[in-house]
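K.L.:
3D, please:
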Amino acid sequence: TRCRSSRVPSWFEKSAFIPSLEQAEWHFGAEDISAAKLYPDQAPPIVKGVAVGGAFGYWVRDFNERKLIMLRLKAESVQEVVGVLRAAQAEAHEWGLGKVVVWNPDERMKEACKVIMGKEVEVKNRTEGSVPCLRWNGKEGGGKGEVEAGVEWLALEKYCWC
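P.N.:
Next up, the predicted model:
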């Protein structure tokens, strides 16, 4: 996308990657390949997510880093988030994975984690490696934050990264 002024175009003030079945299948396929190589005598993971009431979440396992990564979690209440995260914890435990990772947690997610863990959880802001991004080649902004500061990223979750 090109922008000739230092102002963010009105059509680009909010930006999001729209989740798709193809994205999910790409992640699940990569997970299945890793599982087949690392656990040749075991069937690949079957459970890829869960629905709890009106909420849902889906995930993949990172066997090398021993963690389960939420690709997408959609919920309206803290209790729905708790239900999805408890299912993710159980699946992580089933595969011997030591943690569940969620990208860009909102306040409901943080509160749900506090309910489950009984304490505040660690939130890390990543600025390097596997960060979903959009390359902006605006003449005025020059990648120094002037133009980009006006863009609000929505639904910035792991499913965005392929």
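K.L.:
I figured A35 hits K48, correct?
P.N.:
No - A35 is beyond contact range of K48, at 11.7 Å (criterion: Cβ atoms under 8 Å). In this view, the C-beta of every residue, glycine as well, is placed from N, C-alpha and C.
K.L.:
same question for the host helix or strand of I116, mean pLDDT?
P.N.:
I116 is part of helix 107-117, with elements assigned from DSSP states H and E. The average pLDDT for helix 107-117 rounds to 92.
K.L.:
straight-line length of stretch 104-122, end to end?
P.N.:
12 Å (Cα to Cα, to the nearest Å).
K.L.:
same deal with stretch 102-121?
P.N.:
With Cα to Cα as the measure, stretch 102-121 spans 11 Å from end to end.
K.L.:
neighbouring contacts of that stretch?
P.N.:
Residues outside stretch 102-121 that contact it (Cβ atoms under 8 Å, 6 or more residues apart in numbering): 69-70, 73, 75, 77-79, 81-82, 85-86, 89, 123, 156-158.
K.L.:
assumed W26 was part of a strand.
P.N.:
No - counting by DSSP: H, G, I helix; E, B strand; the rest coil, W26 is not part of a strand but helix.
K.L.:
number of nearby residues for it?
P.N.:
W26 is flanked by 15 other residues according to other Cβ atoms under 10 Å.
K.L.:
could you do the one 5 residues further on as well?
P.N.:
For E31, the count of nearby residues is 19 (other Cβ under 10 Å).
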